[in-house]
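Visitor: Give the three-dimensional model of this entry:
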Amino acid sequence: MRDLARYAQLVLGLRLTPAQLTAFQRYESELIAWNQRVNLTAIDQPSQIRTKHFLDSLTCLLAMRDTPMERVIDIGTGAGFPGLPLKIVCPSMQLTLVDSVAKKTAFCCHLVNLLGLERVEVLQERAENVGRMPAHRQQYDWAVARAVASLPVLMEYLLPLVKIGGCALAMKGESGPAEAHSAEHVMRVLGGKLRRVMRVELPTIEEERYLILVDKVAATPDRYPRRVGIPAKRPLL
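Guide: Predicted coordinates:
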């Protein structure tokens, strides 16, 4: 884990504690072991897990730190990214992980129990349904997602979950800036306003990475999100 510790200090100015590094080591080991049985991720080499999963997830802190982070929801979390790495370094947050795939939520539950993480809820559910639940609708300081859908679709998943004054964060590759600017009308329809497109550079990784930050400035109309499957089939324009 020395490479992760070094990169976290270099990229984020974050000094990981011995306990946090131990948690990441156990996370890595469990991910590799489970991945051999149930295929959670295509990234299965330790060095790549540390940069493309752990460090990449932690880059969200470039936008999130020094802001309210009491409640955070991670949509389409997969094997827990970016939510669980954020929880490891920010243990006071109340985290909700959402994924529709049973094997992925099972892994997240296993890891939460193994690491003794408190105030973490794991939901096997579709984002459209969660966005209509009173316990989750417009309740979060941050709604985050990584590599889930095109930005207009993703905004319909995320913004209904964010309270006014909070922020949606979408992690994107090289298409991020173009997607962000083409989706500004959709953001407004859903109560959001584009704040910033932040470029992120990771050591040893050539691919471009961006954080798309969208402020929640007004309530999302009641008709959004639409029913399951419709946002992806008929994205807002």
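Visitor: Low-confidence ranges, the chain, go.
Guide: In the predicted model of the chain, no residue satisfies pLDDT under 70.
Visitor: Longest helix of it, counting residues only.
Guide: helix 18-38 (DSSP state H).
Visitor: Report all helices and strands that the lengthiest strand in the chain contacts.
Guide: Of all the segments of type strand in the chain, defined by DSSP state E, the longest one is strand 162-172. When contacts are defined as 3 or more C-beta pairs under 8 Å, 6 or more residues apart in numbering; DSSP states H and E, strand 162-172 packs onto helix 61-64, strand 140-146, helix 151-158, helix 176-182, strand 192-200, strand 209-216. In short, each C-beta sits where N, CA and C put it, glycine included.
Visitor: Now these in TSV, please, with extra columns for mean neighbour count and distance to residue 107.
Guide: Listed next are the helices and strands packed on strand 162-172 as TSV, based on neighbours: other C-beta atoms under 10 Å; distance: least, C-beta to C-beta, whole Å:
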stretch	mean neighbour count	distance to residue 107
helix 61-64	19	23
strand 140-146	26	16
helix 151-158	27	21
helix 176-182	16	27
strand 192-200	16	26
strand 209-216	23	24
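Visitor: Mind putting these into CSV with distance to residue 55?
Guide: Formatted as CSV, the helices and strands packed on strand 162-172 follow (distance: least, C-beta to C-beta, whole Å):
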stretch, distance to residue 55
helix 61-64, 11
strand 140-146, 13
helix 151-158, 22
helix 176-182, 18
strand 192-200, 10
strand 209-216, 11
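Visitor: Quick one: closest of these to residue 229.
Guide: helix 151-158 (10.7 Å; C-beta to C-beta).
Visitor: what's the offset of that closest one from the middle of its chain?
Guide: 13 Å (C-alpha atoms, centre = their mean, to the nearest Å).
Visitor: Equivalent analysis for stretch 95-110, please.
Guide: In terms of C-alpha atoms, centre = their mean, the centre of stretch 95-110 is set 13 Å apart from its chain centre.
Visitor: Can you name the residues in contact with it?
Guide: With contacts defined as C-beta atoms under 8 Å, 6 or more residues apart in numbering, stretch 95-110 is touched by 30-31, 34, 38, 40, 71-80, 83-84, 86-87, 117, 119-127, 130, 136, 140.
Visitor: ok so, going back, other SSEs contacting the longest helix of the chain?
Guide: Secondary elements touching helix 18-38 (3+ C-beta pairs under 8 Å, 6+ apart): helix 2-7, helix 83-89, helix 102-115.
Visitor: repeat that with 10 Å
Guide: Applying 3 or more C-beta pairs under 10 Å, 6 or more residues apart in numbering; DSSP states H and E, we find helix 18-38 packed against helix 2-7, helix 46-48, helix 83-89, helix 102-115.
Visitor: Now it: buried residues?
Guide: Neighbour counts using 16 or more other C-beta atoms under 10 Å place 20-21, 23-24, 27-28, 30-31, 34-35 of helix 18-38 among the buried residues.
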